[in-house]
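Undergrad: Predicted model and sequence below, questions to follow.
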Amino acid sequence: MLSFRPVKKLSIVIPFFNERENLDRIYDECTRMYRTSLPEYEIEYLFMDNHSTDGSFDVAARLAQSNPQVKVVRLSRNFGYQANILMGYVQSSGDAVIQLDADGEDDPALIPQLVRKWEAGYRVVYGVRRTRAESSLMTLQRKLFYRAVNALSTVAIPVDAGDFRLMDRQVIEAIKHFKESKIYLRGLIAFAGFEQIGITYDRRPRFKGESKFSWWDYVSLAWTGLVSFSSKPLRLVTWLGLLISGVSFAGFLFYLWLYFFSGVPVRGFTTLILVQLLLAGVQLLCVGLMGSYIGFIFDEVKRRPQGIIECIQTGDQKTFPVMTPE
């Protein structure tokens, strides 16, 4: 008696913002990879448009019109890179979901390796970037950031891992329950747990154009990751305050001893001013750090959506979903 094995489905999520020149090429590489390496699976392509302004949506819509496996989701504005990926996860329907960027830096030819690890029982398979086409200074900054976040975080976040990954449907469903406004997906996925493994690879140069993710965007993402997954900076501020208070009190006692027992007058106006400026700087730093945490709390309690969909293109049909209260 023949046993029926249902065909599993893979969703490939491709977030983009102003990548009109690269969408056709990344789609061609994905379809070529699928036909040659993973024909036993059903496939779904999700192009996530973070409200592009260069005609990228029209290019993606044309792909959807020529292939029923393609779905294009356009957000109502640019909600940020991480939110765009998360909205792609929410819109996906596959048994496993793979995310890669539209600029071509993550090679679709690596996807079969992710899938084989998933078939072996791993629920999350992430890419660990061995090399990438960028300056040595940027690479050093990334390495320092990953290790700093991992050292301070309450969960172990893989170092040198980006957003090129595969996730099982069970993990996707778990992630969908997180309602955080400030999103750091690498931390959320690490927090979710399950069996996870990384594969190392060399990241390619982007196809065309320049990255839309500025240095300040990287700094903002780094800060979000740090504040979202660690309260240790607040404890460090407390210890810093105790240290400065202890040193100041010891100095106070030392000067009292000099004045009363050694007859040495207390002088040094410049020293006094410099010490006051140092303490004022430390205080402002501490207040700013606490303000960042309070700001995160302020954003979270408002419970605003992580993203809003403007329209969805499937085939020749464009729909305009209306948000409903949960």
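TA: The structure has been received and is ready for your questions.

Undergrad: Pretty sure Lys208 sits against Glu21.
TA: Yes: applying Cβ atoms under 8 Å as the test, Lys208 and Glu21 come out as touching, 4.3 Å apart. C-beta here means a position set from N, CA and C on the backbone, and glycine is covered the same way.

Undergrad: more crowded one of these two?
TA: Glu21 (15 against 12; other Cβ atoms under 10 Å).

Undergrad: Which element, helix or strand, includes that one?
TA: For Glu21, there is no enclosing helix or strand under DSSP states H and E.

Undergrad: isn't it right next to Gly104, touching?
TA: No: Glu21 is beyond contact range of Gly104, at 10.3 Å (criterion: Cβ under 8 Å).

Undergrad: Residues in contact with both of the two, list them for me.
TA: Phe207 (Cβ atoms under 8 Å, 6 or more residues apart in numbering).

Undergrad: lowest average confidence, helix or strand, in the protein?
TA: helix 215-228 (a mean of 66; mean pLDDT, DSSP states H and E).

Undergrad: for the record, mean pLDDT for the helix or strand harbouring Gly288?
TA: Assessed by DSSP H and E, Gly288 sits inside helix 269-302. The pLDDT scores in helix 269-302 average 68.

Undergrad: Low-confidence bits of the stretch 51-200 of the chain, can you list those?
TA: Applying pLDDT under 70 to the stretch 51-200 of the chain picks out residues 132-139, 141-143, 146, 148-154, 156-157, 160.

Undergrad: all strands of it, in order?
TA: 70-75, 96-99, 124-131, 161-168, 196-202 (DSSP state E, counting those that start in this stretch).

Undergrad: ok, the shortest one: who's next to it in the sheet?
TA: Neighbouring strands of strand 96-99 in its sheet, by DSSP bridges, are strand 9-16 (parallel), strand 161-168 (antiparallel).

Undergrad: List the contacts of that strand.
TA: Counting by Cβ under 8 Å, 6+ apart, 8, 10-15, 85, 88-89, 111, 114-115, 118, 163-169, 172 sit against strand 96-99.

Undergrad: Drop the exposed ones from the residues you listed and show what's left.
TA: Buried subset of the contacts of strand 96-99 (neighbour count, 16 or more other Cβ atoms under 10 Å): 10-15, 85, 88-89, 111, 114-115, 118, 163-169, 172.

Undergrad: Count residues in the vicinity of Ile175, would you?
TA: When neighbours are counted by other Cβ under 10 Å, Ile175 comes out with 18.

Undergrad: hang on, I meant Gln306
TA: Gln306: 18 neighbours (other Cβ under 10 Å).

Undergrad: Spit out the contact partners of it.
TA: Counting by Cβ under 8 Å, 6+ apart, Gln306 has contacts Phe79, Ala83, Leu86, Met87, Lys179, Glu180, Ser181, Ile183.

Undergrad: redo that, cut-off 7 Å
TA: By Cβ atoms under 7 Å, 6 or more residues apart in numbering, the contact set of Gln306 is Phe79, Ala83, Leu86, Met87, Ser181, Ile183.

Undergrad: and the two most separated of the residues you listed?
TA: Largest separation among the contacts of Gln306 by Cβ to Cβ: Met87 and Ser181, giving 13.4 Å.

Undergrad: out of these two, which sits in the more crowded spot?
TA: Legend: neighbour count by other Cβ under 10 Å for Met87 and Ser181, higher for Met87 (23 against 15).

Undergrad: my read: the more buried one touches Met48, true?
TA: Yes: counting by Cβ atoms under 7 Å, Met87 touches Met48, with 6.2 Å between them.

Undergrad: Now list whatever residues contact both of these two.
TA: Val73.

Undergrad: and the contacts of Gln306 as CSV, adding distance to Thr319?
TA: Below are the contacts of Gln306 laid out as CSV (distance: Cβ to Cβ, whole Å):
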residue, distance to Thr319
Phe79, 19
Ala83, 21
Leu86, 20
Met87, 15
Ser181, 26
Ile183, 25
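
Undergrad: Out of these, list just those in helices.
TA: Mapping these onto helices (DSSP state H) picks out Ala83, Leu86, Met87.

Undergrad: Identify, from the residues you listed, the entry nearest to Ala60.
TA: Met87 (14.6 Å).

Undergrad: Which helix or which strand is home to the residue nearest to the closest one when sequence neighbours are not counted?
TA: Leaving aside its sequence neighbours, Met87 sits nearest to Gly307 (Cβ to Cβ, 6 or more residues apart in numbering; 4.3 Å). Per DSSP H and E: Gly307 is located in neither a helix nor a strand.
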